[in-house]
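Undergrad: Here is a sequence together with a model predicted from it:
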Amino acid sequence: MNGKTFLYGLMLGLPLFLVSCGDDDLKKANAVGDKKITLNRDRTLGVEIIYSDSARVKAKGNAPIMDKVTPSNGGEYQEMIKGVKIDFFNVQTGKIDGTLISDYAIRRSQEQKTIFRKNVIVKNIKGDTFSSEELIWDEAQKIFYSKQKVTVKTIDGNILDGVDFQAPQDFSTYTFNSATGQAVLKDAIAP
């Protein structure tokens, strides 16, 4: 900027901003730029995913969209941005013994965990319904768990709410902490 422009700007009452970078600032900016992570994203539409063990189908999932994301620093994951529906099968009979649906899911391959979020609903073979905003499936330990609130509606009409939820993959049993609920009494007699 020459002296005439500077004086003209001051006479008009325009604000003047001066910016400078020192050598340290440039080194910091370069260090941040060097830590870039690129994501490779492969999109598949109308996906069917089959989980099997010893040639027996344990679960079958369907998702309208599945993105396979591979960050340049590793840690591949699959993201189901439009939700997923999974049917769980009884290995002995081959019949469906539970269903899970959610509006979003992300499976982290290396961790062997799938996180289901938004309107997660599970129905087990007994007809009990489990709902939460987040459930995590630990494939290695073969359990579902959540730190979020989980609501259980049993087939006989009981409604339970609690946190720190945990259940085996078939949701045949479950535990949680800080539970509250409503119980249906038969013949108005307390157990």
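TA: That came through, no problem.

Undergrad: so D138 sits right up against K113, yeah?
TA: Yes. When contacts are counted by CB atoms under 8 Å, D138 is listed as touching K113 (5.5 Å). From N, CA and C alone the C-beta is placed, and that goes for glycine too.

Undergrad: Dead centre of the protein: give me the residue that sits there.
TA: Residue closest to the average C-alpha location in the chain (CA atoms, centre = their mean): I115, at 3.3 Å.

Undergrad: where does the protein have its least confident helix or strand?
TA: Evaluated with mean pLDDT, DSSP states H and E, the helix-and-strand set of the chain has its lowest mean pLDDT in helix 3-11, which scores a mean of 45.

Undergrad: re the thing from before, is the residue nearest to the centre of the chain bridged to anything, and to what?
TA: I106, I136 (DSSP bridges).

Undergrad: what does the one 5 residues further on give?
TA: Here V120 shows beta-bridge partners S132, assigned using DSSP bridges.

Undergrad: Tell me if I'm right that it and Y104 touch.
TA: No. Counting by CB under 8 Å, V120 stays clear of Y104, with 9.0 Å between them.

Undergrad: These two: which has the busier surroundings?
TA: V120 (26 against 17; other CB atoms under 10 Å).

Undergrad: Let me see the contact set for the residue nearest to the centre of the chain.
TA: Taking CB atoms under 8 Å, 6 or more residues apart in numbering, we find I115 in contact with A105, I106, R107, R108, E134, L135, I136, W137.

Undergrad: can you pull the contacts of the third one?
TA: If I follow you right, that is R107. When contacts are counted by CB under 8 Å, 6+ apart, R107 is found next to Y77, Q78, E79, M80, K113, T114, I115.

Undergrad: now the first one
TA: Under the criterion of CB under 8 Å, 6+ apart, the contact partners of A105 comprise A63, E79, M80, G83, V84, T114, I115, F116, R117.

Undergrad: same deal with the last one?
TA: Taking CB under 8 Å, 6+ apart as the contact definition, W137 lies against K113, T114, I115, F116, I143, F144, Q169.

Undergrad: And for the fifth one?
TA: Taking CB under 8 Å, 6+ apart as the contact definition, E134 lies against I115, F116, R117, V120, S146, K147, Q148.

Undergrad: that's a strand at the third one, yeah?
TA: Yes. When DSSP: H, G, I helix; E, B strand; the rest coil is applied, R117 is found to be in a strand.

Undergrad: Quick check: buried residues in stretch 111-123?
TA: Judged by neighbour count using 16 or more other CB atoms under 10 Å, the buried positions of stretch 111-123 are K113, T114, I115, F116, R117, V120, I121, V122, K123.

Undergrad: ok, the last one - contacts?
TA: It refers to K123. For K123, the contacting residues are G98, T99, T129, F130, by CB under 8 Å, 6+ apart.
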